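Enquirer: what's the 3D shape of this:
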Amino acid sequence: MITFRASVPDPGPVAPPGFADLASDLLGWLKWGVLVAGVLGILICALMLIIGRRNRSATAYEGLVGSAWVIGGLALASVAALLVGAFQL
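Expert: Next comes the predicted model:
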């Protein structure tokens, strides 16, 4: 009985010619946008907590819940490359 073992090629990801710089620029812009949105979101939530301190408990509650969402979004953005690499084929 003859068995053949063929090795299947498994090349790494390669950017198409001319697109590597564009992809790096786009990812950099998106990271910058996420950071700006995160800082703005935290500041807005802090303002809601400050405003909602007296007799506006719903506003303070929304600020607290909103800050949890902002922090969750920033955490997800910070591990985006790690998550994509973990599920790489």
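Enquirer: where do the helices sit along the chain?
Expert: Remark: helices assigned in the chain by DSSP state H are 20-51, 57-78, 80-86.
Enquirer: could I get these as a markdown table with mean pLDDT?
Expert: Below are the helices of the chain laid out as a markdown table (pLDDT from 0 to 100):
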| stretch | mean pLDDT |
| --- | --- |
| helix 20-51 | 94 |
| helix 57-78 | 93 |
| helix 80-86 | 85 |
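Enquirer: Tabulate those in TSV, adding columns for distance to residue 10 and mean neighbour count.
Expert: (Glycine included, C-beta is placed from N, CA and C.) Shown next, in TSV, are those (distance: least, C-beta to C-beta, whole Å; neighbours: other C-beta atoms under 10 Å):
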stretch	distance to residue 10	mean neighbour count
helix 20-51	21	13
helix 57-78	28	14
helix 80-86	15	10
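Enquirer: nearest to residue 8, of these?
Expert: For the helices of the chain, the distance to residue 8 is smallest for helix 80-86, at 20.6 Å, taking C-beta to C-beta.
Enquirer: I would like the residues contacting that closest one, please.
Expert: With contact meaning C-beta atoms under 8 Å, 6 or more residues apart in numbering, helix 80-86 is reached by no other residue.
Enquirer: List every C-alpha atom in that helix, with coordinates, as PDB.
Expert: The C-alpha coordinates for helix 80-86 follow below in PDB (Å, rounded to 0.1, in the frame of the first residue of the first chain):
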ATOM      1  CA  ALA A  80      -9.000  44.000  18.200                       C
ATOM      2  CA  ALA A  81      -5.800  42.900  16.500                       C
ATOM      3  CA  LEU A  82      -5.300  40.200  19.200                       C
ATOM      4  CA  LEU A  83      -8.900  38.800  18.600                       C
ATOM      5  CA  VAL A  84      -8.500  38.800  14.800                       C
ATOM      6  CA  GLY A  85      -5.100  37.000  15.100                       C
ATOM      7  CA  ALA A  86      -6.700  34.400  17.500                       C
END
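Enquirer: circling back to that earlier point, which one of the helices of the chain lies closest to residue 9?
Expert: Across the helices of the chain (criterion: C-beta to C-beta), the nearest stretch is helix 80-86, sitting at 19.9 Å.
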